[in-house]
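Participant: Got a predicted model here, sequence first, then my questions.
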Protein chains: 2
Amino acid sequence: MGRHSDNARERIIDAAEQVVIERGARHLTFDAVALKAVVSRGGLLYHFPDKEALLKGMLDRLLERAKESRAKKRAELAEGTEREIVAHVLSSLEKDDKAERARAAALLASGAHDPGLLAPIKKEYRTLMDDVTGNGLRFERAAVIALATDGLRLLELLSVSPFNKKERSSIVEEMISLAKEHKRAK
Amino acid sequence: MGRHSDNARERIIDAAEQVVIERGARHLTFDAVALKAVVSRGGLLYHFPDKEALLKGMLDRLLERAKESRAKKRAELAEGTEREIVAHVLSSLEKDDKAERARAAALLASGAHDPGLLAPIKKEYRTLMDDVTGNGLRFERAAVIALATDGLRLLELLSVSPFNKKERSSIVEEMISLAKEHKRAK
DNA sequence: GTCTATATCAAGATAGAC
DNA sequence: GTCTATCTTGATATAGAC
């Protein structure tokens, strides 16, 4: 099922993410999503027969895009111990636009609806840690950087990050230099 | 209003946190909370007239206890540049029991219900950053450590942390040594 | 594949007795 | 301060027409 063979699906997931961003996970209802996706409830339910299906669709796309984005960023970076973790940091935080924030919306909505839906995320996170430490970076250092990355993303999703743009970029730079400092210290 | 002059309130908030932990923010209903707090819906609604009041009550107690816990930990630590951030890390992550996890439950529930309720958290987070950098620790370093701390807590709340106990403590140690390394490097 | 209409149910909130 | 009973709304999900 290619990305263009099923535009309604994609449009619906876009709409669902927007609803969570704009009105909170509580308002992720079929009505609200159908309205924003310009489709009727029946049309929506053809693609996602129940709420769990919709949330799974959102999460699947989230994971898929995160992987793509990281792979793309990795390809731009020089080889080295810190390449993988820097790719994670930058692909997660480089842009702070609505689209980036929308991605993570699925997390909050799923966590609020049924924590069990997040099991695949846990698995993927373990894979990330393995990738990141695979080429020599010490586990603890990589974990701290990854956690700070995702902590910032989650705080921004909850709209509780107190950092302005300038502070935010200096924090991202600090993360990257922590990945490199470690290398230099060796 | 002291902590012991109003036991029902406390008991209800305990119950609400438990519901979110055990069944997800979606199931934080008056019925579920009343059942667990062993009180009727009417009794519950006497203390918290609507859902927003309940969530605010949960968030207030979360903030209050986080501050207390940090102050207590701070008092145990020797003076120094890194005291405040280490107090934050340890008071947030030292114990990984149910009670600790319950605290953060209010965050998820409120974020899912109405993101606007989280405004006080943002304010408090800014205060934390000011405290933490007040005695000389470089802002970026403190922010990364604080973000990693809260990232781990949020991942654990969502049950997506892939780390086992041993990994978790070595990560906490890394955070603390990052606070000290910085000092040594000066 | 998309639509309308409707059955069903759960949850928030109110009123008033004890 | 705590209770039961009830009103009202809004959301999921189904059935079936186009």
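Facilitator: Structure's in. What do you need?
Participant: For the rest of this, base every contact and every neighbour count on C-alpha atoms.
Facilitator: Noted.
Participant: Can you pull the phi/psi pair for residue A:135?
Facilitator: Dihedral angles phi and psi of residue A:135 (degrees, to the nearest 10) take the values phi -110, psi 40.
Participant: If you could redo that for residue A:97, that was the one I meant.
Facilitator: Torsion angles, degrees, to the nearest 10, at residue A:97: phi -100, psi 180.
Participant: how about the host helix or strand of residue A:64: buried residues?
Facilitator: If you go by DSSP states H and E, residue A:64 is part of helix A:51-76. Neighbour counts over helix A:51-76 (16 or more other C-alpha atoms under 10 Å in any protein chain shown) mark A:54-59, A:61-63, A:66-67, A:69-70, A:73-74 as buried.
Participant: Straight-line length of stretch A:34-48, end to end?
Facilitator: 11 Å (C-alpha to C-alpha, to the nearest Å).
Participant: Give me the buried stretch members for that stretch, please.
Facilitator: Under 16+ other C-alpha under 10 Å, the buried positions of stretch A:34-48 are A:34, A:36-37, A:39, A:44-45, A:48.
Participant: Could you list which of these also contact DNA strand D?
Facilitator: residue A:45 (C-alpha under 7 Å from any atom of the strand).
Participant: Turn the buried residues of stretch A:34-48 into a markdown table, columns for secondary structure and distance to residue B:147.
Facilitator: Converted to a markdown table, these look like this (DSSP: H, G, I helix; E, B strand; the rest coil; distance: C-alpha to C-alpha, whole Å):
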| residue | secondary structure | distance to residue B:147 |
| --- | --- | --- |
| A:34 | helix | 36 |
| A:36 | helix | 34 |
| A:37 | helix | 35 |
| A:39 | coil | 40 |
| A:44 | helix | 38 |
| A:45 | helix | 39 |
| A:48 | coil | 36 |
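Participant: Widest-spaced pair of the buried residues of stretch A:34-48?
Facilitator: Greatest spacing in these, by C-alpha to C-alpha: A:36 and A:48 (15.4 Å).
Participant: What residues does chain A have near DNA strand D?
Facilitator: Counting by C-alpha under 7 Å from any atom of the strand, chain A sits next to DNA strand D at A:27-31, A:41-42, A:45, A:49-52.
Participant: Just name the closest of those residues to chain B, please.
Facilitator: Closest approach to chain B among the residues of chain A next to DNA strand D (C-alpha to the nearest C-alpha): residue A:27, at 8.0 Å.
Participant: What helix or strand is the residue nearest in space to the middle of chain A located in?
Facilitator: When C-alpha atoms, centre = their mean is applied to chain A, the residue found nearest the centroid is residue A:104 (4.4 Å). Residue A:104 belongs to helix A:98-113 when assigned by DSSP H and E.
Participant: and the nearest residue to residue A:36 once chain neighbours are set aside, what is it in contact with?
Facilitator: Nearest residue to residue A:36, sequence neighbours excluded (C-alpha to C-alpha, 6 or more residues apart in numbering or on different chains): residue A:15, at 5.5 Å. By C-alpha atoms under 8 Å, 6 or more residues apart in numbering or on different chains, the contact list for residue A:15 reads A:33-34, A:36-37.
Participant: pLDDT score for residue A:15?
Facilitator: Residue-level confidence at residue A:15 comes out at 97, pLDDT.
Participant: that older thread, next secondary structure after the helix holding residue A:104?
Facilitator: Next along from helix A:98-113, by DSSP H and E: helix A:119-134.
Participant: wait, which of the contacts of residue A:15 is closest to chain B?
Facilitator: residue A:33 (16.2 Å).
Participant: returning to what we had before: mind putting the buried residues of stretch A:34-48 in JSON lines, pLDDT included?
Facilitator: As requested, the buried residues of stretch A:34-48 are arranged in JSON lines below (pLDDT from 0 to 100):
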{"residue": "A:34", "pLDDT": "97"}
{"residue": "A:36", "pLDDT": "97"}
{"residue": "A:37", "pLDDT": "97"}
{"residue": "A:39", "pLDDT": "97"}
{"residue": "A:44", "pLDDT": "98"}
{"residue": "A:45", "pLDDT": "97"}
{"residue": "A:48", "pLDDT": "97"}
